[in-house]
Structures are given as C-alpha cells and as structure tokens.
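Novice: Quick one: sequence and predicted model below, then my questions.
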Amino acid sequence: MIADALAAAGAPAGTFSLIEGASVDVGRALVVASGINAVAFTGSRRGGRALYDLAATRPVPIPVYAEMGSVNPVFVTPAALAARGDAIADGLAASMLNGTGQFCTSPGVVVVPVGEAGDRFVARLVAAIEAAPPGYMLNATIRDGLVAQLASTERLAGVEVVARGVLAADDGFGVAATALQTDAATFVSSPELCDEHFGPVTIVVRSEAGAMPAIAAAIEGSLTGTIHAEADEAGSDAVLGLRDALVERIGRLVWNGYPTGVAIAPAMHHGGPYPATTHSGFTSVGQASVRRFLRPVTFQDVPPAALPEELRGDRLGG
C-alpha cells in the first residue's frame, strides 16, 4: 500500500524499500552502506547508541537520528491532587496501559505528594492496574528483557511492588502490568529507577512538593514531561520552578494531560535530550520531521537565472 501510494503521488521508484532480518546484522549493513546518507531509528538505548557509534566510524560520518529510552515523568501538585486526584489516576492508568505500555511516550514515572490524598491516588491507580485485562509485548525478546529488568529493579532497597496486573495464561508474550513505589530520596540516588522500563510499568515516587524540582533534575533526557496543576497556581514559584527544572530534561511539556497523546502537527516536537534522542533539535513526528533528511544550502548573490526554479522571484511572489 505504501509503494502504491508513493507511485500514485509521482514519487521516484525505490522511494520506499523494506528489508527484513532476524538479527541486528541488517541494521548494521544499512548504516555503513555507501548509498545511505542519514539514519532514523526507534528502539532501545543500546541499539540506537550502537548504530550512532557505527555511523561515526564511516569514512564520511552520517547523522543518526535515534529515538531511544524515555521515562516521560508525570508530576502532580498537591492542589491538583486534592481537586481531581481520582481523574488523574484513571487517566494515568489508561496512558500507562495503552498498547501494553509499548509507546515511547508511556508514563514510566509519576511523582505524587505524600499524605492521605496521595495514598488514595495510589490505591486508585493500583485498582485500575489490577483490573486491566492481560497485555502482550511485541515479541519474546522484549518481554524477557522487561521481566529481567523488573526483577532487578524490585530488589533495590526502598522499592516496593504495589500493583501487579493479570498475566495471560497462554504463551503469547504476556506480561503483568506493574506499579512500583519509592520515596524521593531513593529515586534521586538510584540511577536504575531513571531507566526506561519498556512496557506497562510505572514507578510512583512519593514526594514533598518542594522536592519535585530535584526529582525532575535527576531524570535523564525524556521525550515528554507532564505537570498536573490547578489554574490558580500556574504562575506560582513552586510550579514555575518545577517547569524550569523539567524543561531542561524534555522535548515536550504536557499540561494537565497525558504524554501518549502525540499530534501530527507543525508545532509537535517529538524529541528530547540524550538518551531520549541523539539529536534533540529534531522531531521524529510532525511536518518538521522531514528536516532530518534535508540539507540547507544558501544561494548568496546568485542571479535569478541561476537559481533553482523553486527560489525564483515569480515563485516567491517577488
């Protein structure tokens, strides 16, 4: 269907090709092939970094626009928690479980204030996870990797499992949705908790409101960061401090929403600091994504007759 659509649009033959393989050898071969001038990749940090490093070894290096791991943190202020904690918990669970957590913008960390309102939030999130139907990963390798990573994370001091969802009875790459809980000090001091757990997993960090900027600063580069806050606190020092800390780590700030909503729009920036991507100035979603495969050229003092047709005055209205 893709080939037919390109042909109908008048695109050159060979614009789209599909090469399949059961190992990483195909990807390696493509990255070093002389006819390849740029690479886009979506996958793990290990895979993306391997391709990035390989491209740098070419006689003429080429750019690799790798989109890799992202925890997409969600921060809930005390006021938002008091006003609509149940709704936020429900929305978070839906976002986390969407596609069995296999979206690059799945919320992997949620920071919730300590106290009774936070306890109710966690209880609501736990209930939603435990009531969700079984989910399946894309393949056995991804499932096995998540299971092994979770086993390691759960052994960390100060980390507890608060929810475990239903596991499918068959052998269809099933995985149980999981919520872990820890405190702010443990999260900030444990780099493993900042790693993406690719799948239906979220880490609940219980925190004093004043510690939220420090938590944001401890998170590695992510595609998104979310703040749930009330309108009357939007300009407060606390919220602005959190915003400033978060913006240093993300490519898209979400306000009172959920990160899995990605619009195909000119203003969309689907990128972020390393390790979310290898080039934070580019987006892999939206109309601006084509810029990854364009090279700018300036025509200085070039007479109209020598300009490409697209740049001549009659085409530009001048």
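Specialist: In hand now; what should we look at?

Novice: Would you map the strands across this protein?
Specialist: With DSSP state E as the criterion, the chain has strands at 39-42, 64-67, 74-76, 109-113, 135-136, 160-164, 174-175, 178-183, 201-207, 222-228, 250-255.

Novice: Check Ala245 and give its pLDDT.
Specialist: Listed pLDDT for Ala245 reads 97.

Novice: could you give me the average pLDDT of stretch 94-104?
Specialist: In the prediction, stretch 94-104 has an average pLDDT of 95.

Novice: Contacts made by that stretch with the rest, please.
Specialist: With C-beta atoms under 8 Å, 6 or more residues apart in numbering as the test, stretch 94-104 has contacts from 42, 67, 70, 106-107, 128-129, 132, 135-138, 142, 175, 177, 198-202, 223, 258-260. (C-beta placed from N, C-alpha, C; glycine too.)

Novice: could you give the angle of the helix ranked longest in the chain to strand 201-207?
Specialist: Ordering each helix of the chain by length in residues (DSSP state H) puts helix 78-97 first. With axes from the mean of the first three to the mean of the last three C-alpha atoms, to 10 degrees applied, the angle from helix 78-97 to strand 201-207 works out at 170 degrees.

Novice: Just the buried residues of helix 78-97, please?
Specialist: Judged by neighbour count using 16 or more other C-beta atoms under 10 Å, the buried positions of helix 78-97 are 78-81, 84-85, 88-89, 91-93, 95-97.

Novice: Which of these sits closest to Leu193?
Specialist: Met96 (15.9 Å; C-beta to C-beta).

Novice: thinking again about what came up before, from the contacts of stretch 94-104, list the buried ones, please.
Specialist: 67, 70, 106-107, 128-129, 132, 135, 137, 142, 175, 177, 198-202, 223, 258-260.

Novice: what stretches of this structure score poorly on pLDDT?
Specialist: 314-318 (pLDDT under 70).

Novice: Got the domain ranges for it?
Specialist: 2-68, 74-255 (automatic domain parsing).

Novice: Make TSV from those and add distance to Pro266 to it.
Specialist: Listed next are those as TSV, based on distance: least, C-beta to C-beta, whole Å:
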stretch	distance to Pro266
domain 2-68	18
domain 74-255	14
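
Novice: Out of the ones you listed, which one sits most buried?
Specialist: Stretch with highest mean neighbour count among the domains of the chain: domain 74-255 (a mean of 18; mean count of other C-beta atoms under 10 Å).

Novice: Ends of it, what's the gap?
Specialist: 10 Å (C-alpha to C-alpha, to the nearest Å).

Novice: And stretch 62-71, by the same measure?
Specialist: Span of stretch 62-71 from end to end, C-alpha to C-alpha: 28 Å.

Novice: how far is it from where the chain is centred?
Specialist: Offset of stretch 62-71 from its chain centre (C-alpha atoms, centre = their mean, to the nearest Å): 10 Å.

Novice: can you give me the helices in this protein?
Specialist: Listed in chain order, the helices found in the chain under DSSP H are 2-8, 25-32, 45-56, 78-97, 116-131, 140-154, 184-189, 212-218, 237-247, 313-316.

Novice: Take those and write them to TSV, including distance to Leu18.
Specialist: Below are those laid out as TSV (distance: least, C-beta to C-beta, whole Å):
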stretch	distance to Leu18
helix 2-8	8
helix 25-32	11
helix 45-56	18
helix 78-97	30
helix 116-131	37
helix 140-154	20
helix 184-189	41
helix 212-218	40
helix 237-247	38
helix 313-316	35
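
Novice: To Thr277, which of those helices lies closest?
Specialist: Judging the helices of the chain by C-beta to C-beta, what sits closest to Thr277 is helix 45-56, at 8.3 Å.

Novice: just checking, what packs against that closest one?
Specialist: Contacts defined by 3 or more C-beta pairs under 8 Å, 6 or more residues apart in numbering; DSSP states H and E place helix 45-56 against helix 25-32, strand 39-42, strand 64-67.
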